[in-house]
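Q: My questions concern the predicted model and sequence given below.
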Amino acid sequence: MLDKVKHLGDEARAAIAQCRSLDALRTLETSLFGRKGSLTLLLKAIKDVAPQDKKAFGQGVNALKEELGAALAQQKSALLALKAEQGVDFDVTLPGSSACKGSQHPTLRMMNDLNESFASLGFEIYEGPEISSEAYCFDSLNFPADHPARESMDTFWLRGCEDKKGAERLSLRPHLTGASVRYMQTHKPPFRFVYPGRVARNESTDAGHERAFFQYEALIVDRQVPFSSGRLLVDTILETIFGRKVKTRMRAGFFPFVEPGFEIDMQCLVCDGKGCSVCKRVGWLEMMPGGPPHPNVFRAGGLDPAIWQGFYINIGLDRLVMMRYGIDDIRLLHSTDLRFLRQFA
Ligand SMILES: [Zn+2]
């Protein structure tokens, strides 16, 4: 029987000394001192030991009980001290598991870079709602009543709104520009602000088109906004994003919300103008429409077009991301494919 006491003592001492967490120590204590603990069972067994061995056995078990009790208390205070020092309560000797490193999605990174660039130029960062209305997306932006973009071919109208008009005809926003009217209605000019966000179009997808994509719009409103300051803005932004001069060209373009409207193209950086699937073999990409807000847009925003001038640019964010990283298919950006995303970690 004394062998049992010695054996338990050896095992318990080693186990206590190796214990690295308070939880494990509590479990160990229960396994020794609990109702069915190994030490408790030995104490209970004293009464069954033969009379001539009882004294030695009883003394041995009780001595072990005291020793182990003290050893548990000592280990506990050592672990508490360690915890206070390191702020941890786990076995610090266990091998670690490698942590999965997260990273910003390339589109979000681009958005943040643009926000930073524009903020340094004194622009406010503004956000509008993703669900908008015909009133904001078309009526207030000078879209004629029969403009094809209003039709369900291009715009995702919310179910039940198809037959309604104006503010009651709700849609996923097909572009960001409606948010600028919201801003004008609630802010006093002069102001300059940008608004990043996701937009949705009901169109078929290919390497250059997605049903949901990101735009980034900027608007300056002041008493005098020369046309050249808009152009300078575009070049500055593109240089900031790509870290080098980017070739751009301006073409006259018609957009209902600007007068005069123009379209800015940049040379395709994937193929350096030689032609590829991203630029549809032409070497140039439409990057952004822009121009001074149409007088009707100013009026919708509650501003007098005789007093205020402005300049819009509306950047296709996904295309900039594709140019920046040499991505040749816009659908990858929304694919949630980790093999693709991990390249940007
Ligand atoms: Zn190209």
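A: In hand now; what should we look at?
Q: Break this protein down into its structural domains.
A: Listed by automatic domain parsing, the domain ranges of the chain are 2-86, 106-344.
Q: which stretch among those comes nearest Ser98?
A: domain 106-344 (13.9 Å; CB to CB). (C-beta placed from N, C-alpha, C; glycine too.)
Q: can the closest one be found next to the ion?
A: Yes. Using CB under 5 Å from the ion, we find that domain 106-344 touches the ion at Cys268, Val270, Cys271, Cys276, Val278, Cys279.
Q: where among the domains of the chain is the average confidence lowest?
A: Looking at those, the lowest mean pLDDT belongs to domain 2-86 (a mean of 85).
Q: can you give me how far that domain is from the chain middle?
A: Remark: domain 2-86 is offset 52 Å from the chain centroid, using CA atoms, centre = their mean, to the nearest Å.
Q: on that earlier part again, so how do I select the buried members of the residues of domain 106-344 next to the ion in PyMOL?
A: To isolate the buried ones among the residues of domain 106-344 next to the ion in PyMOL, judged by 16 or more other CB atoms under 10 Å, type:
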select buried, resi 268+270+271+276+278+279
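Q: export the residues of domain 106-344 next to the ion to CSV and tack on secondary structure?
A: Output for the residues of domain 106-344 next to the ion, formatted as CSV (DSSP: H, G, I helix; E, B strand; the rest coil):
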residue, secondary structure
Cys268, coil
Val270, coil
Cys271, coil
Cys276, coil
Val278, coil
Cys279, coil
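Q: which other helices and strands contact the helix or strand Arg299 falls within?
A: Assigned by DSSP states H and E, Arg299 belongs to helix 295-300. Packing partners of helix 295-300 (3 or more CB pairs under 8 Å, 6 or more residues apart in numbering; DSSP states H and E): helix 178-186.
Q: what's in contact with the helix it packs on?
A: Outside helix 178-186, the residues within contact range by CB atoms under 8 Å, 6 or more residues apart in numbering are 126-129, 132-133, 136-137, 140-141, 173, 191, 193, 195, 197, 217, 219, 221, 293, 297-298, 300-303, 312.
Q: which stretches of the stretch 151-300 of the chain form strands?
A: 170-172, 191-200, 212-222, 248-252, 262-267, 284-291 (DSSP state E, counting those that start in this stretch).
Q: With distance to Ala345 and mean neighbour count as extra columns, can I get those strands in TSV?
A: Formatted as TSV, the strands of the stretch 151-300 of the chain follow (distance: least, CB to CB, whole Å; neighbours: other CB atoms under 10 Å):
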stretch	distance to Ala345	mean neighbour count
strand 170-172	31	21
strand 191-200	22	20
strand 212-222	20	22
strand 248-252	31	12
strand 262-267	27	20
strand 284-291	27	22
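Q: Any chance of these in CSV with distance to Ala63 as columns?
A: Compiled in CSV, the strands of the stretch 151-300 of the chain are given as follows (distance: least, CB to CB, whole Å):
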stretch, distance to Ala63
strand 170-172, 79
strand 191-200, 74
strand 212-222, 75
strand 248-252, 89
strand 262-267, 86
strand 284-291, 85
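Q: And for Phe138, nearest residue in space, chain neighbours not counted?
A: Nearest residue to Phe138, sequence neighbours excluded (CB to CB, 6 or more residues apart in numbering): Arg150, at 5.4 Å.
Q: again, but for Met110
A: That would be Val321: by CB to CB, 6+ apart, it lies 4.9 Å from Met110.
Q: number of nearby residues for that neighbour?
A: 24 (other CB atoms under 10 Å).
Q: how close does it sit to the ion?
A: Noted for Val321: a distance of 15 Å to the ion, by CB to the ion, to the nearest Å.
Q: For the strand or helix carrying that residue, what is the distance to the chain centroid?
A: Using DSSP H and E, Val321 sits within helix 317-325. The chain centroid and the centroid of helix 317-325 are separated by 17 Å under CA atoms, centre = their mean.
Q: And that helix, what does it pack against?
A: Using 3+ CB pairs under 8 Å, 6+ apart, the elements in contact with helix 317-325 are helix 106-120, strand 212-222, helix 227-242, strand 284-291.
Q: Just the angle for the third one relative to strand 262-267, thanks.
A: What that stands for is helix 227-242. 30 degrees (axes from the mean of the first three to the mean of the last three CA atoms, to 10 degrees).
Q: That's all I had, so thanks and see you.
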